[in-house]
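[1] sequence and predicted model, in that order:
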Amino acid sequence: MRRTLNPTIPDDIPYEERMYTKAYRFQGAFLHPRYWGLWLLISTLWLIGRLPMAWIVKIGRKIGRLLLKIGGSRVKVTRRNLELCFPELSEAERETLLVHNFEAIGVALLEPGVAWFAGSRRIRRISRVEGLENIRRHIDKGQGILFCCMHMSCVEMVCRIAAEYLPFNLMYRVHDNPLYEYISNVRRQSYPYKGRYIPRKQVKDLLHFMSKGEMGIILPDQDMGKKRSLFVPFFGQTAATIPSVSDFARLSNARVIMASYYLDENNQYVLRFSQPLENFPSEDNVADTIRINQLIEERIRQHPEQYLWQHRRFKTRPPGEPSLY
């Protein structure tokens, strides 16, 4: 099936006229039997999204425990990551954390049913946002903001919550399934603030909007390979980390704000914005990247069961070091 989005938008199209949130147009091929399973899944998410949050969380946790029993490489990677990052915990404590982590992943699988289909009244009722004044103060001055985020399990839900209050430009990975990409983008356009979801290869697009005083979002906490990466500490391990936060802030003259988020014990989503980082970026990319990793680690440690430990964060090793997986 032919996709309708090129990996790179031609440079001769003005930034403000580019189509970011309609990555794929509806195609007759989406009605082919090969997509019926996904249509059924989306319909199920719509139905589940009508349930009370307590029910959704309960069902999601059961799904997560089922995924854990099925096993596979993701369980092995998760267990290894927890072993590397929490050596101070006993094996039994790490296994408990492993179970809770997969429960959070199970809940995350159901969250699009709420994020995509719930109205503003419900979204505001099940969420709490702190630190908005830290953002508006700078936006009113016409200065761009770069939000530094991390891959917590509820990231899709939090983007929906943020869209209640703020327009933003988010760098993201285009989904491999064109029908899923089409549906997710159509639903995201229904949010009160219709943010731009910019394919991650189009960095200069994000920089353009931030330099114009808008808000950008990046998640710099994954292993993207050796190219441009610095090897700096993360949870006591050497981790390949791209210095994108300091690079983007410097190139766009944007202030950097840390965003943390989680689902609390009352089934309410909490989104918290920090004060803008002081003396950032500096003239030392290594020091900046170490600082960002430390800030991300601090936030993950507050709710480690809700982080995406399924990613092989320490896959890329410095020359001569053996694989950790």
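    Nice, thanks for sending it over.
[2] tell me how many other residues surround residue 122.
    Using other Cβ atoms under 10 Å, residue 122 is surrounded by 14 other residues. C-beta coordinates here come from the backbone N, C-alpha and C atoms, glycine included.
[3] nope, residue 232 is what I meant
    Residue 232: 20 neighbours (other Cβ under 10 Å).
[4] the helix or strand harbouring it pairs with which strands?
    Using DSSP states H and E, residue 232 maps to strand 230-234. Sheet pairing for strand 230-234, assigned by DSSP bridges, gives strand 237-241 (antiparallel).
[5] give me the residues contacting the helix or strand hosting residue 93.
    Using DSSP H and E, residue 93 sits in helix 91-110. If you take Cβ atoms under 8 Å, 6 or more residues apart in numbering as the criterion, helix 91-110 is touched by 45, 48-49, 56-57, 59-68, 75, 78-79, 82-83, 86, 89, 153-154, 156-157, 263, 304-310.
[6] selecting buried members of those residues in PyMOL, what would you type?
    Buried residues within these, by 16 or more other Cβ atoms under 10 Å, are selected in PyMOL with:
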select buried, resi 45+48+49+56+57+59+60+61+63+64+67+68+75+78+79+82+86+153+154+156+157+263+304+305+306+307+308+309+310
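[7] what's the worst-scoring helix or strand of the chain on mean pLDDT in contact with?
    One helix or strand of the chain scores below all others by mean pLDDT, DSSP states H and E: helix 132-139, with a mean of 83. Applying Cβ under 8 Å, 6+ apart, the contact partners of helix 132-139 are 145, 165, 166, 213, 215, 255, 257, 273, 274, 275, 276.
[8] surely the fourth one meets residue 143?
    I take that to be residue 213. Yes. In this structure residue 213 lies within contact range of residue 143 using Cβ atoms under 8 Å: 6.0 Å.
[9] now the helices for this protein?
    36-48, 53-70, 73-85, 91-110, 112-115, 120-125, 132-139, 155-162, 178-188, 203-211, 244-252, 285-302 (DSSP state H).
[10] to residue 234, which of the ones you listed lies closest?
    helix 285-302 (4.7 Å; Cβ to Cβ).
[11] hey, C-alpha coordinates of the closest one in CSV?
    Output of helix 285-302 as CSV, limited to C-alpha atoms (Å, rounded to 0.1, in the frame of the first residue of the first chain):
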residue,chain,number,x,y,z
ASN,A,285,27.6,19.8,25.8
VAL,A,286,28.9,16.9,27.9
ALA,A,287,28.1,18.7,31.2
ASP,A,288,24.6,19.7,29.9
THR,A,289,23.9,16.1,28.8
ILE,A,290,24.9,14.7,32.2
ARG,A,291,22.7,17.3,33.9
ILE,A,292,19.7,16.3,31.7
ASN,A,293,20.2,12.6,32.4
GLN,A,294,20.4,13.3,36.1
LEU,A,295,17.1,15.3,36.0
ILE,A,296,15.4,12.6,34.0
GLU,A,297,16.7,9.9,36.4
GLU,A,298,15.4,11.9,39.4
ARG,A,299,11.9,11.9,37.9
ILE,A,300,11.9,8.3,36.9
ARG,A,301,13.0,7.2,40.5
GLN,A,302,9.9,8.9,41.8
